[in-house]
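*Asks:* predicted model, plus sequence, below.
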Amino acid sequence: MSRIPYLSAVAILPLVLLSACGTPHGQPQKGSEPVAPNQVVDFGALYEQNCAACHGAEGRGGASIALANPVYLAIVDENGMHNVVANGVRGTSMPAFAQSAGGLLTTEQINVITGGIFSRWGRKGTLDGTNPPSYAARTAGNAARGKIAFGTYCASCHGSEGGGTAKASAVTNDSFLALVSDQGLRTLVITGRPELGAPDWRANIPGKAMSDQEITDVVAWLASRRLQSPGQPYSASNNTLHHHSEPLEKSK
(Lines give C-alpha, C1' and ligand atoms only; values in the text may rest on other atoms or scores of the structure.)
Protein backbone atom coordinates (compact mmCIF):
# COMPACT_ATOMS: atom_id res chain seq x y z
CA MET A 1 0.00 0.00 0.00
CA SER A 2 2.83 2.36 0.78
CA ARG A 3 4.13 2.11 -2.80
CA ILE A 4 0.96 3.35 -4.54
CA PRO A 5 1.50 7.12 -3.99
CA TYR A 6 5.11 6.77 -5.15
CA LEU A 7 4.12 4.93 -8.31
CA SER A 8 1.42 7.49 -9.07
CA ALA A 9 3.92 10.30 -8.79
CA VAL A 10 6.34 8.49 -11.08
CA ALA A 11 3.61 7.97 -13.66
CA ILE A 12 2.49 11.64 -13.59
CA LEU A 13 5.98 13.16 -13.80
CA PRO A 14 6.51 12.40 -17.53
CA LEU A 15 3.17 14.02 -18.37
CA VAL A 16 4.20 17.21 -16.56
CA LEU A 17 7.51 17.28 -18.36
CA LEU A 18 5.82 16.77 -21.73
CA SER A 19 3.35 19.61 -21.09
CA ALA A 20 6.23 21.92 -20.21
CA CYS A 21 7.80 21.15 -23.55
CA GLY A 22 4.76 22.41 -25.47
CA THR A 23 6.48 25.79 -25.98
CA PRO A 24 10.08 25.76 -27.27
CA HIS A 25 12.59 26.95 -24.71
CA GLY A 26 13.16 30.70 -24.88
CA GLN A 27 10.00 31.37 -26.92
CA PRO A 28 7.21 33.62 -25.51
CA GLN A 29 4.04 31.96 -24.28
CA LYS A 30 0.98 32.31 -26.49
CA GLY A 31 -0.73 35.62 -25.87
CA SER A 32 2.25 37.16 -24.08
CA GLU A 33 3.46 39.24 -27.02
CA PRO A 34 3.31 43.02 -26.32
CA VAL A 35 0.69 45.00 -28.22
CA ALA A 36 2.09 47.51 -30.69
CA PRO A 37 1.34 51.13 -29.71
CA ASN A 38 -0.82 51.69 -32.79
CA GLN A 39 -2.94 48.65 -31.90
CA VAL A 40 -3.96 49.79 -28.40
CA VAL A 41 -7.71 50.41 -28.43
CA ASP A 42 -8.48 50.43 -24.70
CA PHE A 43 -9.90 53.79 -23.65
CA GLY A 44 -8.30 53.76 -20.22
CA ALA A 45 -4.84 53.09 -21.59
CA LEU A 46 -5.14 55.63 -24.40
CA TYR A 47 -6.50 58.34 -22.11
CA GLU A 48 -3.83 57.75 -19.48
CA GLN A 49 -1.01 57.84 -22.02
CA ASN A 50 -2.18 60.83 -24.05
CA CYS A 51 -4.63 62.99 -22.10
CA ALA A 52 -4.28 62.57 -18.34
CA ALA A 53 -1.12 64.69 -18.00
CA CYS A 54 -3.11 67.83 -18.87
CA HIS A 55 -6.75 66.91 -18.24
CA GLY A 56 -6.21 64.88 -15.09
CA ALA A 57 -6.82 61.29 -14.09
CA GLU A 58 -10.34 60.17 -14.95
CA GLY A 59 -10.91 63.52 -16.65
CA ARG A 60 -10.99 65.40 -13.35
CA GLY A 61 -8.89 68.32 -14.58
CA GLY A 62 -5.30 69.42 -14.19
CA ALA A 63 -3.31 72.00 -16.10
CA SER A 64 -6.21 72.04 -18.54
CA ILE A 65 -9.97 71.73 -18.13
CA ALA A 66 -11.78 68.70 -16.75
CA LEU A 67 -13.21 66.58 -19.53
CA ALA A 68 -15.45 64.72 -17.10
CA ASN A 69 -17.64 67.81 -16.87
CA PRO A 70 -21.22 67.11 -18.05
CA VAL A 71 -21.80 70.80 -18.80
CA TYR A 72 -18.77 70.92 -21.07
CA LEU A 73 -19.78 67.71 -22.83
CA ALA A 74 -23.31 69.06 -23.32
CA ILE A 75 -21.92 72.19 -25.01
CA VAL A 76 -19.12 70.82 -27.15
CA ASP A 77 -19.80 68.91 -30.35
CA GLU A 78 -18.30 65.41 -30.52
CA ASN A 79 -17.07 65.97 -34.07
CA GLY A 80 -15.46 69.21 -32.96
CA MET A 81 -13.67 67.47 -30.12
CA HIS A 82 -12.52 64.76 -32.51
CA ASN A 83 -11.01 67.44 -34.73
CA VAL A 84 -9.21 69.07 -31.80
CA VAL A 85 -7.75 65.76 -30.62
CA ALA A 86 -6.68 64.90 -34.14
CA ASN A 87 -5.26 68.26 -35.25
CA GLY A 88 -4.57 70.13 -32.03
CA VAL A 89 -5.04 73.87 -31.61
CA ARG A 90 -2.35 76.00 -33.20
CA GLY A 91 -0.72 78.51 -30.87
CA THR A 92 -1.77 76.69 -27.71
CA SER A 93 -0.46 73.80 -25.62
CA MET A 94 -2.93 71.37 -27.26
CA PRO A 95 -0.90 69.18 -29.68
CA ALA A 96 -2.11 67.19 -32.68
CA PHE A 97 -2.40 63.46 -31.99
CA ALA A 98 -3.39 62.14 -35.43
CA GLN A 99 -0.72 60.44 -37.50
CA SER A 100 -1.91 62.51 -40.46
CA ALA A 101 -1.01 65.67 -38.49
CA GLY A 102 2.32 64.42 -37.17
CA GLY A 103 1.02 62.65 -34.07
CA LEU A 104 1.16 58.99 -33.07
CA LEU A 105 -2.49 57.92 -32.92
CA THR A 106 -4.55 56.22 -35.59
CA THR A 107 -8.03 57.37 -36.55
CA GLU A 108 -9.48 54.39 -34.68
CA GLN A 109 -7.62 55.34 -31.51
CA ILE A 110 -8.86 58.93 -31.70
CA ASN A 111 -12.39 57.59 -32.16
CA VAL A 112 -11.93 55.50 -29.02
CA ILE A 113 -10.75 58.50 -27.01
CA THR A 114 -13.46 60.93 -28.10
CA GLY A 115 -16.24 58.36 -28.00
CA GLY A 116 -15.12 57.16 -24.58
CA ILE A 117 -15.09 60.67 -23.13
CA PHE A 118 -18.72 61.24 -24.11
CA SER A 119 -19.99 57.77 -23.22
CA ARG A 120 -18.30 57.66 -19.81
CA TRP A 121 -18.60 61.22 -18.60
CA GLY A 122 -21.46 62.79 -20.52
CA ARG A 123 -24.86 63.04 -18.87
CA LYS A 124 -28.06 63.37 -20.87
CA GLY A 125 -30.40 66.12 -19.78
CA THR A 126 -27.67 68.19 -18.11
CA LEU A 127 -28.85 71.42 -19.75
CA ASP A 128 -32.56 70.65 -19.96
CA GLY A 129 -34.62 73.72 -19.15
CA THR A 130 -31.78 76.14 -19.85
CA ASN A 131 -30.90 78.35 -22.78
CA PRO A 132 -27.23 77.49 -23.20
CA PRO A 133 -24.90 79.70 -25.21
CA SER A 134 -23.38 78.33 -28.38
CA TYR A 135 -20.05 76.58 -28.12
CA ALA A 136 -18.51 78.88 -30.76
CA ALA A 137 -19.15 82.61 -31.02
CA ARG A 138 -21.83 83.58 -33.52
CA THR A 139 -21.15 87.32 -33.54
CA ALA A 140 -18.17 89.63 -33.15
CA GLY A 141 -17.23 90.62 -29.64
CA ASN A 142 -16.86 94.13 -28.28
CA ALA A 143 -13.96 94.57 -25.87
CA ALA A 144 -15.36 97.73 -24.24
CA ARG A 145 -18.65 96.02 -23.43
CA GLY A 146 -16.68 92.95 -22.41
CA LYS A 147 -14.80 94.87 -19.73
CA ILE A 148 -18.12 95.98 -18.23
CA ALA A 149 -19.51 92.44 -18.34
CA PHE A 150 -16.30 91.12 -16.79
CA GLY A 151 -16.72 93.59 -13.95
CA THR A 152 -20.28 92.39 -13.42
CA TYR A 153 -19.78 88.64 -13.55
CA CYS A 154 -16.11 87.88 -13.00
CA ALA A 155 -14.32 90.63 -11.07
CA SER A 156 -15.51 89.53 -7.63
CA CYS A 157 -13.25 86.49 -7.94
CA HIS A 158 -10.65 87.39 -10.59
CA GLY A 159 -10.21 91.08 -9.75
CA SER A 160 -11.35 94.16 -11.64
CA GLU A 161 -8.52 93.85 -14.18
CA GLY A 162 -8.40 90.07 -14.14
CA GLY A 163 -5.18 90.00 -12.15
CA GLY A 164 -6.47 87.45 -9.66
CA THR A 165 -7.48 87.51 -6.00
CA ALA A 166 -7.37 85.12 -3.07
CA LYS A 167 -10.53 83.55 -4.51
CA ALA A 168 -9.37 82.85 -8.07
CA SER A 169 -6.36 82.99 -10.35
CA ALA A 170 -5.32 85.70 -12.79
CA VAL A 171 -6.94 85.48 -16.22
CA THR A 172 -5.05 88.38 -17.83
CA ASN A 173 -1.67 86.85 -17.07
CA ASP A 174 0.67 87.03 -20.09
CA SER A 175 1.59 83.34 -19.95
CA PHE A 176 -2.01 82.19 -19.53
CA LEU A 177 -3.30 84.24 -22.43
CA ALA A 178 -0.39 83.08 -24.61
CA LEU A 179 -1.34 79.45 -24.06
CA VAL A 180 -5.11 79.62 -24.48
CA SER A 181 -7.10 80.29 -27.65
CA ASP A 182 -10.14 82.53 -27.90
CA GLN A 183 -12.28 79.39 -28.12
CA GLY A 184 -10.55 78.08 -25.00
CA LEU A 185 -11.44 81.29 -23.16
CA ARG A 186 -15.05 81.02 -24.31
CA THR A 187 -15.22 77.41 -23.17
CA LEU A 188 -13.91 78.38 -19.72
CA VAL A 189 -16.45 81.19 -19.36
CA ILE A 190 -19.32 78.92 -20.37
CA THR A 191 -18.44 75.73 -18.52
CA GLY A 192 -16.42 77.07 -15.62
CA ARG A 193 -13.93 74.82 -13.88
CA PRO A 194 -15.95 72.88 -11.31
CA GLU A 195 -12.84 71.03 -10.16
CA LEU A 196 -11.48 74.42 -9.02
CA GLY A 197 -14.77 75.75 -7.72
CA ALA A 198 -15.30 78.08 -10.70
CA PRO A 199 -19.00 78.25 -11.72
CA ASP A 200 -20.41 77.98 -15.21
CA TRP A 201 -22.10 80.83 -17.08
CA ARG A 202 -25.28 80.48 -15.00
CA ALA A 203 -23.91 80.82 -11.50
CA ASN A 204 -21.61 83.84 -11.32
CA ILE A 205 -24.59 85.86 -10.14
CA PRO A 206 -27.44 83.70 -8.78
CA GLY A 207 -30.51 84.02 -10.98
CA LYS A 208 -28.71 86.05 -13.66
CA ALA A 209 -27.03 83.92 -16.31
CA MET A 210 -24.62 85.54 -18.74
CA SER A 211 -26.04 86.05 -22.21
CA ASP A 212 -24.37 84.63 -25.29
CA GLN A 213 -23.30 88.13 -26.35
CA GLU A 214 -21.90 88.97 -22.91
CA ILE A 215 -19.76 85.84 -23.07
CA THR A 216 -18.54 86.83 -26.55
CA ASP A 217 -17.72 90.34 -25.31
CA VAL A 218 -15.84 89.11 -22.24
CA VAL A 219 -13.71 86.88 -24.46
CA ALA A 220 -13.03 89.86 -26.74
CA TRP A 221 -11.84 91.92 -23.77
CA LEU A 222 -9.61 89.13 -22.48
CA ALA A 223 -8.18 88.57 -25.96
CA SER A 224 -7.43 92.30 -26.23
CA ARG A 225 -5.12 91.92 -23.23
CA ARG A 226 -3.04 89.26 -24.98
CA LEU A 227 0.49 90.41 -25.84
CA GLN A 228 1.64 90.01 -29.42
CA SER A 229 5.07 88.79 -28.28
CA PRO A 230 4.69 87.32 -24.80
CA GLY A 231 7.75 86.32 -22.83
CA GLN A 232 10.08 89.07 -24.05
CA PRO A 233 12.91 89.76 -21.59
CA TYR A 234 12.14 93.46 -21.29
CA SER A 235 8.79 95.19 -21.21
CA ALA A 236 8.22 98.61 -22.73
CA SER A 237 8.41 100.19 -19.27
CA ASN A 238 11.94 98.89 -18.86
CA ASN A 239 13.24 100.73 -21.90
CA THR A 240 13.90 103.80 -19.74
CA LEU A 241 16.25 101.70 -17.63
CA HIS A 242 18.23 100.82 -20.75
CA HIS A 243 18.42 104.47 -21.78
CA HIS A 244 19.63 105.53 -18.32
CA SER A 245 22.33 102.89 -18.36
CA GLU A 246 23.79 103.96 -21.70
CA PRO A 247 25.88 106.87 -20.29
CA LEU A 248 27.34 104.49 -17.73
CA GLU A 249 28.34 102.07 -20.48
CA LYS A 250 29.90 104.90 -22.49
CA SER A 251 31.81 106.26 -19.52
CA LYS A 252 33.69 102.97 -19.04
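*Replies:* Right, received. Where do you want to start? Residues are numbered from 1 along each chain as shown.
*Asks:* what segments of the stretch 101-250 of the chain are helices?
*Replies:* 107-121, 143-153, 155-158, 174-179, 182-191, 212-224, 239-251 (DSSP state H, counting those that start in this stretch).
*Asks:* how about the ones you listed, which one is nearest residue 133?
*Replies:* helix 212-224 (4.1 Å; C-beta to C-beta). For the C-beta atoms, the positions are set from N, CA and C on the backbone; glycine is no exception.
*Asks:* check residue 25 and give its pLDDT.
*Replies:* On pLDDT, residue 25 comes in at 64.
*Asks:* quick one, which of the helices of the stretch 101-250 of the chain is nearest to residue 44?
*Replies:* Once the helices of the stretch 101-250 of the chain are compared by C-beta to C-beta, helix 107-121 is nearest, at 8.3 Å.
*Asks:* contacts for the closest one next, please.
*Replies:* 38, 40-43, 46-47, 50-51, 59, 67-70, 73, 78, 81-82, 85-86, 97-98, 105 (C-beta atoms under 8 Å, 6 or more residues apart in numbering).
*Asks:* one more time with 6 Å, if that's ok
*Replies:* The contact list for helix 107-121 (C-beta atoms under 6 Å, 6 or more residues apart in numbering) reads 41, 43, 46, 59, 67-68, 73, 78, 81-82, 85-86.
*Asks:* restricted to strands, list those residues.
*Replies:* Among the contacts of helix 107-121, DSSP state E puts none in strands.
*Asks:* phi, psi for residue 159 please.
*Replies:* Dihedral angles of residue 159 (phi, psi; degrees, to the nearest 10) stand at phi 90, psi 150.
*Asks:* neighbours of it, just the number please.
*Replies:* 20 (other C-beta atoms under 10 Å).
*Asks:* that one against residue 168, yeah?
*Replies:* No. Counting by C-beta atoms under 6 Å, residue 159 does not reach residue 168; the two are 8.2 Å apart.
*Asks:* from residue 179, how far out is residue 83?
*Replies:* 20 Å (C-beta to C-beta, to the nearest Å).
*Asks:* same check on residue 150?
*Replies:* Distance from residue 150 to residue 179, by C-beta to C-beta: 20 Å.
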